[in-house]
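Participant: coords please:
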Amino acid sequence: NVIGDSFRGATWVSIHNGGGVGWGEVINGGFGMVLEGNLESERRLKSMLYWDVNNGISRRSWARNEGAVFAIKRAMETEPKLKVTLPNMVDESLLNQM
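Facilitator: Numbering: from 1, shown residues only. Here you go, the predicted model:
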């Protein structure tokens, strides 16, 4: 996310250790933005947040999170330029056959 955020208008980004979650095993990212109340700031904000949020929803949908799949489908309906590959869901009855 942070690399995409940096290209889309974040004022600064950081990549850092995950802290108390799996110390030494997790990498987190963050961003900050200076918003000056002008049209350029508005453009950068929309571009960066759109990327950041939909990227997170996409990753969760690939993990087959039902709410995320619903949310990313709705986002693609709202914005025709957004194209996200959806996960293939497995019929649970096939998995339980032994």
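
Participant: from here on, just use CA atoms for contacts and neighbour counts.
Facilitator: Noted.

Participant: contacts for stretch 56-75?
Facilitator: With contacts defined as Cα atoms under 8 Å, 6 or more residues apart in numbering, stretch 56-75 is touched by 1, 54, 82, 84, 86-87, 89.

Participant: residue 32 bridge partners, please.
Facilitator: Residue 32 has these beta-bridge partners by DSSP bridges: residue 12.

Participant: buried residues in the helix or strand hosting residue 61?
Facilitator: Assessed by DSSP states H and E, residue 61 sits inside helix 39-62. Residues of helix 39-62 classed as buried: 41, 44-45, 47-48, 51-52, 54-55, 57-58, 60-62 (neighbour count, 16 or more other Cα atoms under 10 Å).

Participant: got TSV for these, with distance to residue 69 and pLDDT too?
Facilitator: TSV is the format used below for the buried residues of helix 39-62 (distance: Cα to Cα, whole Å; pLDDT from 0 to 100):
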residue	distance to residue 69	pLDDT
41	30	92
44	26	91
45	24	90
47	22	88
48	21	88
51	16	86
52	16	87
54	11	92
55	12	90
57	8	95
58	8	95
60	8	94
61	5	96
62	8	95
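
Participant: and which of those residues is nearest residue 15?
Facilitator: Proximity of the buried residues of helix 39-62 to residue 15 (Cα to Cα) peaks at residue 52, which lies at 14.5 Å.
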